[in-house]
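>>> Compute the structure for the input listed below.
(one chain, ligands or ions: 3)
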Amino acid sequence: MAQLAQVIVDVPTMQTNRPYTYQVPTRLENQVQLGMRVVVPFGNGKRQVQGFIVGLDQPTRYNGQLKAIDALMDLQPVIGDELLSLSKWLADRTYAFWISSIYTMLPNMLKAKSTRVVKIIDEVDEQIAFDVFHGKDELDFATVQSNPQIVSLLLKLQRQGKVRFEYVVADKAKAKTTVGIRPQLSFEELEEARTSLHANAHAQNRLLSYLQSIIGKTVKQVDAEKISGLKAATFNTGVQKGWLTKVPIEVYRTPLGQEPLPDDHHLAKPLTLNDEQQAAANEIEQAIDDSRSRVFLLEGVTGSGKTEVYLQSIAKALQNHKTALMLVPEISLTPQIVNRVRHRFGSKVAVLHSGLSAGERFDEWRRINRGEAQVVVGARSAIFAPLTNIGVIILDEEHESSYKQDEAPRYHAREVAKWRGKYNNAPVVLGSATPSLESRARAMKGVYQLLQLKHRVNKRPLPPIKVVDMRPEIKERGESNFSRELLTKLTDRLAKNEQSILMLNRRGFSSFMMCRDCGEVLKCPNCDISLTLHMDSHTMKCHYCGHEEPIPRFCPHCGSREIRYYGTGTEKVERELAGLIPQARVIRMDVDTTRRKGMHEKLLRQFGQHKADILLGTQMIAKGLDFPNVTLVGVLNADTGLGLPDFRSSERTFDLLSQVSGRAGRADKKGEVIIQTYNPDHYAIRFAQRNDYEGFFKREMALRHQASYPPYYFTVRLMASHEDEAIAARAMAQIKEQLTKSLMPSTIILGPTPRAIARMKRRYYYQIVIKYKQDQHLHPLLQKILQETQSKGKNDVQISIDPDPQYFM
Ligand SMILES: Nc1ncnc2c1ncn2[C@@H]1O[C@H](COP(=O)(O)OP(=O)(O)OP(=O)(O)O)[C@@H](O)[C@H]1O
Ligand SMILES: [Zn+2]
Ligand SMILES: [Zn+2]
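Numbers count the residues shown, from 1 in each chain. Ligands and ions are numbered 1, 2, ... in the order given. Purely as a prediction, here's the structure:
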């Protein structure tokens, strides 16, 4: 009889979603579990690769040629049952490979080489300490994992709570430790040492007593010093005399957001909800109580107090002994929301976001995995947090396109949230002031339950919005980023000691450089787009591939000196502002000033403390900010983005303008908004001006209907790339033929066309967009295309399939 295991192996050149079958050697039979990592032989058997156990078959009579698993890498599964089935669904739904779905869910440290160590956390039998641990308090698991006796002994100790299995990163520098103190002698031996002390060696005498009180334990030296009142030098003497030893103790790294909280104690208490909030909260809390996997769309105007509804829903889940998951589009941009969650739920909260180092992320993941954190806040990938028993899932700003990952696996966090909600019988709350058309349309059809907060908290009015046409302004006054009206209002706020927010929808000093003589635009040598000037590093950079070069002084094409910067960037605006209103204190927030860790929080804190009058920034300041003293919001150029060849460009513009306008007048003082534009009659701008989501929704739905776009149709994008343009084009033409033959006549196939940015990272891209309502042939056909292009191997055309793409450029 042999036990067989299904293993997904990590072989980049041979990706497939089919697991391979391996025999489980007898010595591992009692240890294998689903979701564990294994080392298996692959190919001709000379190669060992990492894999994941995704299936275990009943032991069968089998004496065939199957290879056997070499070793287990884990003693507990790193992926639980829920995430394991999710990974399979994800691979299928997003046309990704199973292995990449699995890796997407795990912290990087589990992908990289990590070693497993066994640590003594409580007193163990002396014999074991000596024979197995060789007198040390940890053990490299790899050195013993082939010895079944030792492994089962370790498992027993683990059950008794005496040892703990931990991952240690190959790069030791990343594993954070602090110094621990551990007695080296027994109680009696320490007592004996006391007899040989000088009568006046008081400190050493006390050290001996202290050590006697911690026999068998390891105590952080900082704590030991505090408790015993002894100095570091005394402990060093203890080491010299052989009384104690110093050992590293693993500590959790403290990510920035986890620093001790400032003293905003009032935030800790739940607020009394107003009627609208209460009505919404009741529905959600009822679903939590009933364990119903309902999807709610919480549509609330800016400043309507959605966050408080989230917090009280989370509290409800915790009260029911469940966990809660809350996603925000980009954590670094919304430190205020994260702080509110942390103030309310304290150490129960784990924060996951891209700003964490690999080590910090790993630590947070383990805190969640061990059940030490019950509330998880994070950006997109936090949707895979290893929480169990989830009571509620929240997606704040559900319309944000950053919830879609634009590389494989191309998942949308909203869809994953719905999957996990179903699995856990938990409600999902999608919140937004400007829901995506897809979600709003589903709410209209009753697929989601619509909950509305139509008023701001305390019935404060939404700020009036004025649209300023920049065309006559420029004609009369020449190039400027500021209309007269905006300048007047800014000066007025300054006089009243109130604050303003200015948004510029760009980054960098200026968008591109052009030669006035020959018209040459400086472009990236790898990609088909212009380079952007960055004043801080004095270089030209490509935002797509990261290419960087010095700022040219002559035109590289004709040699002319007449080379000029075009477009507008925050730095340039900051300079103009300094000339126009020199007395204003300005904080600039863009990619450049916030590159360093923690700068977002720092700049926002300074603004909150009124250390500046104006916060000038790119779209990163549009979301989630809640500053009571801000009474004016100015949008310098509303048009950026309107001209883009993408059917969502109007929706994005409307969302952005509504979001940023919502930053004004959130407290007692009245707010107002100025939107500057060259397209004052565009409907996205007009509806935003009237705070009319409903109107925008109707108009945009009609346009989408007319052009057969989502939410009326689903879309999939196929892309082929190759260094040789003709090969990429030909590959796409062949795929088109295949599609046309098999798909239903009602399905629309657009292309192949070169991508708007046709060349990136030295490759040419061709795309096909498929629009469909229902086509049962489509999914299997796309899976087939994906598998075929993989197994062809080295002809080097890369095919990617993107379901529900967020961008079409
Ligand atoms: N019931 C309440 N009573 C008093 N104040 C409240 C109440 N609910 C929320 N607030 C306060 O109102 C302000 C706005 O709330 P919140 O930031 O949650 O709004 P929001 O809907 O998330 O807004 P946005 O979409 O603009 O980010 C906050 O300062 C919050 O503390
Ligand atoms: Zn030139
Ligand atoms: Zn480039």
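>>> Please make it C-alpha for all contacts and neighbour counts, starting now.
OK.
>>> Not counting sequence-adjacent ones, nearest residue to I770?
Leaving aside its chain neighbours, I770 sits nearest to I749 (4.6 Å; criterion: C-alpha to C-alpha, 6 or more residues apart in numbering).
>>> Is the one you found in a helix, a strand, or coil?
strand (DSSP: H, G, I helix; E, B strand; the rest coil).
>>> Looks like it contacts Q767 (just checking).
No: using C-alpha atoms under 8 Å, I749 is not in contact with Q767; the gap is 10.6 Å.
>>> Look at those two and report which has more neighbours.
Q767 (27 against 19; other C-alpha atoms under 10 Å).
>>> Quick check on the more buried one: phi, psi?
With angles defined as degrees, to the nearest 10, Q767 sits at phi -130, psi 150.
>>> how much space between it and ligand 3?
19 Å (C-alpha to the ion, to the nearest Å).
>>> and what of P59?
54 Å.
>>> what's the nearest residue to that residue if we skip its chain neighbours?
Q3 (4.2 Å).
>>> Contact partners for the residue nearest to I770?
Counting by C-alpha atoms under 8 Å, 6 or more residues apart in numbering, I749 makes contact with K736, T740, I768, V769, I770, K771.
>>> Could you list the residues in contact with stretch 218-231?
T178, V179, G180, I181, R182, P183, A203, R206, L207, Y210, A232, I249.
>>> Report the buried residues of that stretch.
T218, V219, K220, Q221, A224, E225, L230 (16 or more other C-alpha atoms under 10 Å).
>>> and which of the residues you listed is nearest R37?
Lowest distance from R37 to those (C-alpha to C-alpha) belongs to T218, with 30.7 Å.
>>> where in the stretch 401-550 of the chain is pLDDT low?
With pLDDT under 70 as the threshold, the stretch 401-550 of the chain has low-confidence stretches at 506-512, 527-529, 534-538, 543-545.
>>> That one against ligand 2: which residues are in contact?
Counting by C-alpha under 5 Å from the ion, the residues of the stretch 401-550 of the chain close to ligand 2 are C515, C518.
>>> could you redo the last one with a cut-off of 6 Å?
Within the stretch 401-550 of the chain, the residues that sit near ligand 2 (C-alpha under 6 Å from the ion) are C515, D517, C518, E520.
>>> Can you tell me the number of residues neighbouring T593?
T593 has 14 nearby residues by other C-alpha under 10 Å.
>>> wait, it sits on M599?
Yes: if you go by C-alpha under 8 Å, T593 and M599 touch, sitting 7.4 Å apart.
>>> anything in contact with each of the two?
By C-alpha under 8 Å, 6+ apart, no residue touches both T593 and M599.
>>> re earlier: export the buried residues of stretch 218-231 to a markdown table and append columns for distance to N481 and secondary structure.
Conversion of the buried residues of stretch 218-231 to a markdown table gives the following (distance: C-alpha to C-alpha, whole Å; DSSP: H, G, I helix; E, B strand; the rest coil):
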| residue | distance to N481 | secondary structure |
| --- | --- | --- |
| T218 | 63 | coil |
| V219 | 61 | strand |
| K220 | 57 | strand |
| Q221 | 58 | helix |
| A224 | 61 | helix |
| E225 | 60 | helix |
| L230 | 64 | coil |
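>>> Please pick out the residue of the protein most distant from its centre.
A199 (61.4 Å; C-alpha atoms, centre = their mean).
>>> any idea which helix or strand comes after the lowest-mean-pLDDT helix or strand in the chain?
For the chain, counting by mean pLDDT, DSSP states H and E, strand 163-169 ranks last in confidence among helices and strands (a mean of 64). Remark: after strand 163-169, the chain's next helix or strand is strand 177-183, criterion DSSP states H and E.
>>> ok, G559 - how many residues close by?
The burial count for G559: 13, using other C-alpha under 10 Å.
>>> now swap in E476 and tell me
Neighbour tally, E476, other C-alpha under 10 Å: 8.
>>> what about it, helix or strand, and which?
Element membership of E476, judged by DSSP H and E, is helix 470-477.
>>> got the buried residues for that helix?
Neighbour counts over helix 470-477 (16+ other C-alpha under 10 Å) mark M470, E473 as buried.
>>> Which SSE is immediately downstream of that helix?
helix 484-496.
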